[in-house]
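Undergrad: Sequence first, predicted model second:
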Amino acid sequence: MTSSHSTRVAELLAELTEPQREAVLHTDGPLLVIAGPGSGKTRVVTRRAAHLALTAAPARQILAITFTNKAAREMRERIDALSVAEGMTVCTFHALCAKLLRIHHERARVPRNFTIFDRDDRRRLLKQAIEDCQLSTTNWSPASVEGAISTAKNDLRSARAFAPHTRDWREATIARIYERYETLLAENAALDFDDLLMRVALLLRDDEALRDELEDRYRYVLIDEYQDTNAAQYLIARKLVEKRQNLCATGDPDQSIYGWRGANLENILSFEHDFPSTRVVRLEQNYRSTQRILAVADALIAGNRRRKLKALWTQNEEGPWPRVLQYDNSEEEAAGVARDISQRLRGRTAPGGIAVFYRVNSLSRAVEEALLREGIKYQVARGVEFYNRKEVKDVLAYLRVLVNPADEVALFRIINTPARGIGDTTLERLREAAGLEGVTALEFITSDRDFAELGRAAVKVRQFGELLRSLRPAVEQRPATALGEVISRTGLRAMYMQEGDREESERRNLDELINAATLFQADRPEATLIDWLEYAALVSDVDSVEQSGAGVTLMTLHAAKGLEFDVVYIIGLEDGLLPFRRDEFVRGDEEEERRLCFVGMTRARKVLTLSRARQRFVRGSTLATVRSPFLDELPPAAVEWSTPADAAPQRKRADAGRLPEDLDQWTVGTLVRHPVLGLGQVLSLTRGGKRTHVDVQFQSGPKRSWALEFADLVRVDFDEVE
DNA sequence: AATATTCCCGTTTTT
DNA sequence: CGGGAATATT
């Protein structure tokens, strides 16, 4: 071992706490890192990866898997910065699977040049599948069927496996649609996002030789955000490390907020059971938030049952009390938040350090208007991504047709874009004619014939066919070149050439697309058009949700995961909104909603403000709201409640944490008053060794129990009441 | 084929 | 109420 080697190892261990060090140093065997919010997880993961590359295996034998491209990019950058891990594979689950399927297409029984269908493509195909089954898309909305099929795929249930297990007519119908959809996908030589995972999972399960090969290729596997894995990803993870068990999973059950997308919290909760020799490391020290913010968040999440206990703590300053503000209505809430932000901006806080979170996007509107009125710059981090823009998808559709002639979803997307006089009737006839001859639509179009059966449109179709034929050689060219060729030859550029504000952004986006392709191929000399299309299909964000620092950030609680801000506002803490409930009778997963709230709170470094409106303007009408039960779960002594209308917010009781002086007069039946919940009656008093617990039934309905020291209750005599 | 009108529906959305 | 999609109109 050279001295430079040991110096580098020492560097990797520098400035780490004991548990962090332990996680970095662990090499062989399963490792579970339970990482609380702001606990330096990324640092640990990257150092660990570097440490492995330095001491255990060549970097190319290490595989780090993330969920998002952003996470992959960040991890890659940070690992690169340590400059010991060149050649390491750092990518998303989907990218890994796409690559594996491309390489092992024969064994996986997929076409080598398969197209990856995004949600839009999938919807179109699904619509067709529903129609093919003679069903109406009104009764069988593509969206709901999509959800059912996606769930099935996430659970590794193929169309064939799905059909025999249907329990009612609805499921049986979905099974039919599912089968038809799969047939259509195959005809299009396409895979959807879920297929990528499912195919690889099943492949690893069934093809031992390949699994063996991959296990030798990737000797150490790291999976980030393990709490978000679904059944397919879980199987992939297990199969990838079957022999060596060198799996390092990092995550936090308390931050699992994608259950509705198929994520299965059980995967992380039962990790130690699945991998019996697991070493568990808990990262519990928080470097982000103040003591008071952390304490409140911790108190909230303590209400969950399905978790792994963590003792969050911090050496950071105490900080100001987190506040709960109750406004009369949603406009005042928005105005209040804007006013508060305005005040902070006059202080030292930079706008980029401030964020407003909400459960549903529709809440952003009121806040936006209020910020506008206050003249505060802001940005809404929303999901409209670059690669979902129409003009971008049109260009990509041309490329897709070139690469994969079976891709009819793409073909029908571009057949009349730019407008070339091929309408619905022509399309119908064309499909029919092609079907009659037993050739694909593309073969038909690009064949050398007169298209007499298409009447007036025959010339247009022939021209389109010629265009496609002339574009074919572009397949062999480099992505950026092919892209430029398509944009100009198809008339798409011309289409956006007329001067005008609307076309301006389209033109810019097309240029941006060529830029992206140029950048892509710059560090991938071997990259083909197929590779670029795959990249484009799987990279949807393009740095869109970066904190630019120029303005206040508005986003959903989901989007906030992984970020941090000095000052955080969470609005709309109302029953049914957070926790969200679709309708009154069907309750959602309240624990997941609580985690969502926890995630939001723990984004705050210094100042946390929760708010709620007593009346909310929703869908055209104003409705009375009920305070979120989550607010009642916050230790009353640890937050500052105030109604902004009040001149002075009520200060904290100085004696919080102490038992009431008149405790000897407290019995079952004693009347008490709570600053928020009002009048109530003691149901029970339990003297514990350390704490005295009290159950109270409130006049207003709710029943609560507390440690009496923190209950914020005052005893009232009977005659004081009315 | 482009534009007007009606109608429907309404969480979150890593890929 | 308001956006998007399906449908009607020119």
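TA: Received the coordinates, thanks. Numbering: from 1, shown residues only, chains lettered A, B, ... in the order given.

Undergrad: so how far is A:H26 from the closest residue to DNA strand C within the stretch 601-722 of chain A?
TA: At 3.1 Å from DNA strand C, A:G620 is the closest residue in the stretch 601-722 of chain A, using C-beta to the nearest atom of the strand. C-beta here means a position set from N, CA and C on the backbone, and glycine is covered the same way. Distance, A:G620 to A:H26, by C-beta to C-beta, to the nearest Å: 57 Å.

Undergrad: of those two, who's got more company?
TA: More crowded of A:G620 and A:H26, by other C-beta atoms under 10 Å: A:H26, with 18 against 5.

Undergrad: Quick one, grab the pLDDT at the nearest residue to the more buried one once chain neighbours are set aside.
TA: Leaving aside its chain neighbours, A:H26 sits nearest to A:R279 (5.8 Å; criterion: C-beta to C-beta, 6 or more residues apart in numbering). In this prediction, A:R279 carries a pLDDT score of 96.

Undergrad: what does A:L659 give?
TA: Note for A:L659: predicted pLDDT of 70.

Undergrad: What is the three-state secondary structure of it?
TA: coil (DSSP: H, G, I helix; E, B strand; the rest coil).

Undergrad: swap in A:D328?
TA: With three-state DSSP as the criterion, A:D328 reads strand.

Undergrad: what's the neighbour count on it?
TA: Counted by other C-beta under 10 Å, the residues lying close to A:D328 total 14.

Undergrad: cool, and A:R493?
TA: A count of nearby residues for A:R493, using other C-beta under 10 Å, gives 18.

Undergrad: Which pLDDT value goes with it?
TA: So A:R493 comes in at 82 (pLDDT).

Undergrad: Tell me who's in contact with it.
TA: Neighbouring residues of A:R493 by C-beta atoms under 8 Å, 6 or more residues apart in numbering: A:487, A:507, A:510.

Undergrad: Tell me the secondary structure of it, please.
TA: Using three-state DSSP, the structure places A:R493 in helix.

Undergrad: Compute the distance between the residue nearest to A:H26 and DNA strand B, please.
TA: From A:R279 across to DNA strand B, the span is 25 Å (C-beta to the nearest atom of the strand, to the nearest Å).

Undergrad: ditto for A:E591
TA: Distance, A:E591 to DNA strand B, by C-beta to the nearest atom of the strand: 13 Å.

Undergrad: Nearest residue to that residue in space, please, no chain neighbours.
TA: A:N304 (4.8 Å).

Undergrad: Keep only those of the contacts of A:R493 that are in helices.
TA: Judged by DSSP state H, helices contain the following of the contacts of A:R493: A:487, A:507, A:510.

Undergrad: The first one: neighbour count?
TA: Applying the criterion other C-beta under 10 Å, we find 22 residues in the vicinity of A:I487.

Undergrad: all helices for the stretch 351-500 of chain A, in order.
TA: Applying DSSP state H, counting those that start in this stretch to the stretch 351-500 of chain A gives helices spanning A:364-374, A:390-403, A:408-414, A:424-437, A:441-446, A:458-471, A:479-489, A:492-495.

Undergrad: Can you add distance to DNA strand C and give the ones you listed back as a markdown table?
TA: Formatted as a markdown table, the helices of the stretch 351-500 of chain A follow (distance: least, C-beta to the nearest atom of the strand, whole Å):
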| stretch | distance to DNA strand C |
| --- | --- |
| helix A:364-374 | 8 |
| helix A:390-403 | 10 |
| helix A:408-414 | 14 |
| helix A:424-437 | 10 |
| helix A:441-446 | 21 |
| helix A:458-471 | 20 |
| helix A:479-489 | 24 |
| helix A:492-495 | 19 |
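
Undergrad: okay, these in JSON lines with distance to A:F698 next?
TA: Shown next, in JSON lines, are these (distance: least, C-beta to C-beta, whole Å):
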{"stretch": "helix A:364-374", "distance to A:F698": "31"}
{"stretch": "helix A:390-403", "distance to A:F698": "54"}
{"stretch": "helix A:408-414", "distance to A:F698": "58"}
{"stretch": "helix A:424-437", "distance to A:F698": "63"}
{"stretch": "helix A:441-446", "distance to A:F698": "68"}
{"stretch": "helix A:458-471", "distance to A:F698": "72"}
{"stretch": "helix A:479-489", "distance to A:F698": "65"}
{"stretch": "helix A:492-495", "distance to A:F698": "65"}
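
Undergrad: What pairs with the least confident helix or strand in chain A by mean pLDDT, parallel or antiparallel?
TA: Sorting the helices and strands of chain A by mean pLDDT, DSSP states H and E puts strand A:703-707 at the bottom, at a mean of 72. Under the criterion DSSP bridges, strand A:703-707 sits next to strand A:692-698 (antiparallel) in its sheet.
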